[in-house]
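J.: Would you be able to build a 3D model of this:
(2 chains)
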Amino acid sequence: MMELRLDATPEELPVFLTETDELLQSLDAHLVRLEGEGPSAELIQEVFRAAHTIKGSAGAIGHVRMARLTHAMETLLDRVRHHELQVTAELTDHLFEALDMLKVLAAEVETQQQADLDVETLAQALEALAATDAQPGRGMTLVRPTTVGPPDGATHHLVVEFERGPWTAVRALQTLLAVEAVGAVLRSHPSRAEVERQEVHERLEAWLATERDGEELRRVVAEVPEVQLLSLTDAAELVARMADEAGSTDASGSEPGSEARSAPSGASEATAAGAARKARGSAATVRIDVERLDHLLNLVGELVIDRTRLIELGRALREQVGEHGLVSELSETTLHLGRVTDELQAEVMKSRMLPMGTVFNRFPRVVRDLATRQGKKVELVIEGQETELDRTVIEEIGDPLVHLLRNAIDHGVESPAEREARGKPPTATVRLTAQHVENSIVIVVEDDGGGIDAAKVRARAADRGLLTPEAAARLSDAEAVDLIFQPGFSTAAAVSDISGRGVGMDIVRTNVERLGGTVEVHTTAGQGSRFLLRLPLTLAIVQTLLVRVGANVYALPLSSVTETLRVPAQDIQRMQRQEAILLRGHVLPIVRLSTVFHCAGQAGPVRKDALVVAVKVGERQVGLMVDALLGEQEVVIKALGALIGEVPGISSAAILGDGTVALIVDVPALVQRVAADYQDFCATVARETTEPVLAASVS
Amino acid sequence: MTTILIADDAAFMRMRCGRMLADHGFTVVEAENGRDAVAKYQEHRPDAVLLDITMPELDGLGALRAIRDIDPDARVGMVTALGQQAVVVEALQAGARDFVVKPFQADRVLESVQKLLR
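T.: As a prediction, this is how the structure comes out:
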């Protein structure tokens, strides 16, 4: 692989990358809209401007191939902009192809390696498209040699030549303007109007009238770059010379100034750019490194710990010393510190929030590609892009959402023919919404497709051995449909590379639950389905219930704790290896955390009352047996770090006020494991015994 | 202290150009679109202005006209890409004094700025 050499400092590259990525993402969204809605002046201008900006920056850092491709895109888009070219499927397809290639080219900047891309072929294809239906180009009029005598009052005759290139017209105008600053241009070839129409070849001749001398004229002309003075003659001299030569008089000089100024082509930029653009916000925003925010949050977390410590110390001091003046002052200051720290923490948390739009951005493209590939028509409606989430959640929620979208299109949405047969509009609607509800965010993915058939799900689940047909029959329709989240389940007869075989929904649920959220589905056969995700607003700080198991302190996220129980030893039932209690008519499996975490603790049967914390994840509930309840505390999550790696059952850690390390329990994983074991267990018991208590469905 | 106002919607370009001008002793003020440029011109009254042509909200040409309305003596140069000759022609007529082509070389920009300042 060839190395990619770029002309940019290490400081400039991240800025280039961030900006280019943003532009590419927005290009994605715009192109999808363009394809769907058709061209509008605003949309075209946006797409054009994005390509133009990327071209500029790419050129500036020396990324030749990227600049080349964007230039070709720009050429094509420019013609569309001027209504000289229609937006066809072929055109948008080419633009999408170019966009995908641009993404790879941008990635090259990170890896500093050239990818194996055929940029030139695509660029030429774009340019070929741009050249179709080309209107007859504006011809360049040749500069006719002046053969007419000087106009009255002329003092000088000027001939200048321009460097070959695209700027000749501009240089010509600059020359005329420069001269006009010190005198008047009486006549010129090409004329002023022609110059403004860019009908300029290599030379400009002009008759001037000025009071200044030749030297000054020379100097003035010399200021214009890329212009060479061929001759500057005194008018009188020239006339004399011409009279001598008795030259022919061709009266076809064009008159300067008398023609109306024609507006140069392509000046529609002013109008198009003036069209309303989504406000990017004024310059009152700052870009900040994500690492820096993380660091800030860490520091705030430490502050919170110290604040708690100060409170404890204050309390201890008061016990020792009594109500001393200084002790009250200390407690007042600590209180104030607490208020400030709380606010600081809230502000840092807010600054870590990102709008859902950053995740939603890539979906229009995903939906478009999927729908096209399957020959289905789908309209994606997105609402709530401004809803904000902590970036830790935002990072994780993208994939599950993409999967739900794929599922909706793959399994939910019917083909246009089928839809029409059912009396539905041929274009399906997939709606994606996000909104805050109390302390969580609720994201809904719904479609107006065929819905999920509970009967089919039941049959499949039984087929796959997930449960017995009788058990399946006993489930309500809602419970049956929920089976799609079981590992090993899939109604797709063939493995579709899009959704995979049974790997889909259970992963979605697992991932969402790992984030401390829940996902449920509501469906009506024939009408559509609705997936509801509930997520906490942040993963960085969590309210926990501290418990002691053996000699260690563990933290249980409060969001999953439903209640704490003191259970008399005799109420604990034991079947085979599983312990359980009856809680308000439901069976609650009990898990000894001391066993799970291999702590020194009670291994034998419980002698006295047991402390059980009931936790619930989704619909599954489990009781965790602990040695002591230590109280509730809000903690800042600290990752375990690479050295420790992954520990089953533990998600992360926190440092408490007194410096102890508390391990945060991965409740969803634990519950899932137990529930799975327990379900097997229940199934076995159901088959082998007639115990009514245990045959009741597990809540 | 000579102040130059640069306007470009691409942060990357502002960074590059601004850095380069600052290295040569100029004080740089940045604007990210035409409207911003006009506002900043009013506020800072820079000694020279470099305007990118393609910008949102108000493009270079519009900003040029607005700035020249405020200050008929304003020294403005346009930053342009290939293919924008027509706009440059219009800009020159509206009072721009020079133009720089992207991707620009440092010396060309400096030359242009020096010309504007003269």
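J.: Let's verify B:Asp73: helix, strand, or coil?
T.: The local conformation at B:Asp73, judged by DSSP: H, G, I helix; E, B strand; the rest coil, is coil.
J.: How about the contacts made by A:Gly338?
T.: Listed by CB atoms under 8 Å, 6 or more residues apart in numbering or on different chains, the contact partners of A:Gly338 are A:307, A:311. To be clear about C-beta, it is placed using only N, CA and C from the backbone, and glycine gets the same treatment.
J.: go with 10 Å
T.: Shown here is A:Gly338, whose contacts under the criterion CB atoms under 10 Å, 6 or more residues apart in numbering or on different chains are A:304, A:307-308, A:310-311.
J.: next one: A:Glu383
T.: With contact taken as CB under 10 Å, 6+ apart, A:Glu383 is in contact with A:356, A:360, A:431-435, A:444.
J.: Now name the helix or strand holding the spatially closest residue to B:Gly18 that is not a sequence neighbour.
T.: Using CB to CB, 6 or more residues apart in numbering or on different chains and skipping the chain neighbours, the partner closest in space to B:Gly18 is B:Val28 (4.3 Å). Under the criterion DSSP states H and E, the helix or strand holding B:Val28 is strand B:27-31.
J.: Just read off the phi/psi values of the residue nearest to A:Ala669 when sequence neighbours are not counted.
T.: Residue nearest to A:Ala669 in three dimensions, not counting chain neighbours: A:Gly649, with 6.4 Å by CB to CB, 6+ apart. A:Gly649 has phi and psi values of phi 90, psi -10 when expressed as degrees, to the nearest 10.
J.: Longest strand in chain A, by number of residues?
T.: In chain A, taking DSSP state E as the definition, the longest strand is strand A:427-437.
J.: tell me what the helix or strand following that strand is packed against?
T.: Where DSSP H and E defines the elements, the next helix or strand beyond strand A:427-437 is strand A:440-447. Judged by 3 or more CB pairs under 10 Å, 6 or more residues apart in numbering or on different chains; DSSP states H and E, strand A:440-447 is in contact with strand A:377-383, strand A:388-390, helix A:391-407, strand A:427-437, strand A:518-524, strand A:528-536.
J.: Of all those, which one comes closest to B:Pro103?
T.: Across those, the minimum distance to B:Pro103, taken as CB to CB, is reached by helix A:391-407, at 34.1 Å.
J.: strands paired with the strand holding B:Val28, and their directions?
T.: Partner strands for strand B:27-31, per DSSP bridges, with pairing direction: strand B:3-7 (parallel).
J.: can I get the CA coordinates of the next helix or strand after the partner strand in CSV?
T.: Read in the C-terminal direction, the helix or strand following strand B:3-7 is helix B:11-23, with elements assigned using DSSP H and E. As requested, the backbone C-alpha atoms of helix B:11-23 are provided in CSV (Å, rounded to 0.1, in the frame of the first residue of the first chain):
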residue,chain,number,x,y,z
ALA,B,11,-12.8,26.0,9.8
PHE,B,12,-9.9,24.2,8.3
MET,B,13,-9.2,27.0,5.8
ARG,B,14,-9.6,29.7,8.4
MET,B,15,-7.1,27.9,10.6
ARG,B,16,-4.6,27.5,7.8
CYS,B,17,-4.9,31.0,6.5
GLY,B,18,-5.1,32.6,9.9
ARG,B,19,-2.1,30.7,11.2
MET,B,20,-0.1,31.7,8.2
LEU,B,21,-1.0,35.4,8.5
ALA,B,22,-0.4,35.4,12.2
ASP,B,23,3.0,33.9,11.7
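J.: Helix B:11-23 vs strand B:27-31, what angle?
T.: Regarding helix B:11-23 and strand B:27-31, their directions subtend 160 degrees when assessed with axes from the mean of the first three to the mean of the last three CA atoms, to 10 degrees.
J.: Which positions in helix B:11-23 come out as buried?
T.: B:11-18, B:20-21 (16 or more other CB atoms under 10 Å in any protein chain shown).
J.: go on, stretch A:94-114?
T.: Neighbour-count burial for stretch A:94-114 flags A:94-96, A:98-99, A:101-103, A:105-106, A:108-109 (criterion: 16+ other CB under 10 Å).
J.: So which of those belong to strands?
T.: Counting by DSSP E, no part of those is found in strands.
J.: Tell me the one among those residues nearest to chain B.
T.: The shortest separation between chain B and any of the buried residues of stretch A:94-114 is 11.4 Å, and it belongs to A:Val109 (by CB to the nearest CB).
J.: which residue packs closest to that closest one, ignoring adjacent ones?
T.: Counting by CB to CB, 6+ apart, the residue nearest A:Val109 is A:Leu17, at 5.9 Å.
J.: just checking, what packs against the helix or strand where the one you found lies?
T.: Mapping A:Leu17 onto the secondary structure by DSSP H and E places it in helix A:12-37. Taking 3+ CB pairs under 10 Å, 6+ apart as the contact definition, the neighbouring helices and strands of helix A:12-37 are helix A:41-61, helix A:64-81, helix A:89-111, helix A:357-360, helix A:363-374, strand A:377-383, helix B:11-23.
J.: Next, the angle strand A:377-383 makes with it.
T.: Interaxial angle, helix A:12-37 versus strand A:377-383 (the same axes, to 10 degrees): 120 degrees.
J.: in helix A:12-37, what counts as buried?
T.: Taking 16+ other CB under 10 Å as the neighbour-count basis, helix A:12-37 is seen to contain the buried residues A:12-13, A:15-16, A:19-20, A:23-25, A:27-35.
J.: What ranges does chain B have for its strands?
T.: The residue ranges that make up the strands of chain B, judged by DSSP E, are B:3-7, B:27-31, B:48-52, B:76-80, B:98-101.
J.: would you turn those strands into a markdown table with mean neighbour count and mean pLDDT?
T.: Supplementary listing: the strands of chain B in a markdown table, determined by neighbours: other CB atoms under 10 Å in any protein chain shown; pLDDT from 0 to 100:
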| stretch | mean neighbour count | mean pLDDT |
| --- | --- | --- |
| strand B:3-7 | 25 | 95 |
| strand B:27-31 | 19 | 95 |
| strand B:48-52 | 29 | 95 |
| strand B:76-80 | 26 | 92 |
| strand B:98-101 | 22 | 87 |
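J.: Was I right to think B:Val87 contacts B:Met55?
T.: No. B:Val87 is beyond contact range of B:Met55, at 11.9 Å (criterion: CB atoms under 10 Å).
J.: so who does the residue nearest to the spatial centre of chain A touch?
T.: A centroid search over chain A (CA atoms, centre = their mean) returns A:Thr358, at 3.4 Å, as the residue closest to the centre. By CB under 10 Å, 6+ apart, A:Thr358 lies in contact with A:22, A:25, A:385, A:388-389, A:391, A:394-395, A:398.
J.: for A:His295, same thing?
T.: With CB under 10 Å, 6+ apart as the criterion, the residues that contact A:His295 are A:Asp289.
J.: pLDDT score assigned to it?
T.: A:His295 carries a pLDDT value of 82.
J.: which ones are touching B:Pro72?
T.: Per CB under 10 Å, 6+ apart, neighbours of B:Pro72: B:Gly95.
J.: Return the distance of the residue nearest to B:Gly18 relative to chain A.
T.: Distance, B:Val28 to chain A, using CB to the nearest CB, to the nearest Å: 14 Å.
J.: Across the sheet, point out what pairs with that residue.
T.: The residues listed as beta-bridge partners of B:Val28 by DSSP bridges are B:Ile4.
J.: ok, the residue nearest to the spatial centre of chain B to B:Met15 distance?
T.: By CA atoms, centre = their mean, chain B has its centre lying nearest to B:Leu50, at 1.2 Å. Summarising the geometry, the distance separating B:Leu50 from B:Met15, computed by CB to CB, to the nearest Å, is 14 Å.
J.: So for those two, which residues contact both of them?
T.: Between them, B:Leu50 and B:Met15 have B:Asp8 as joint contacts when contacts are counted by CB under 10 Å, 6+ apart.
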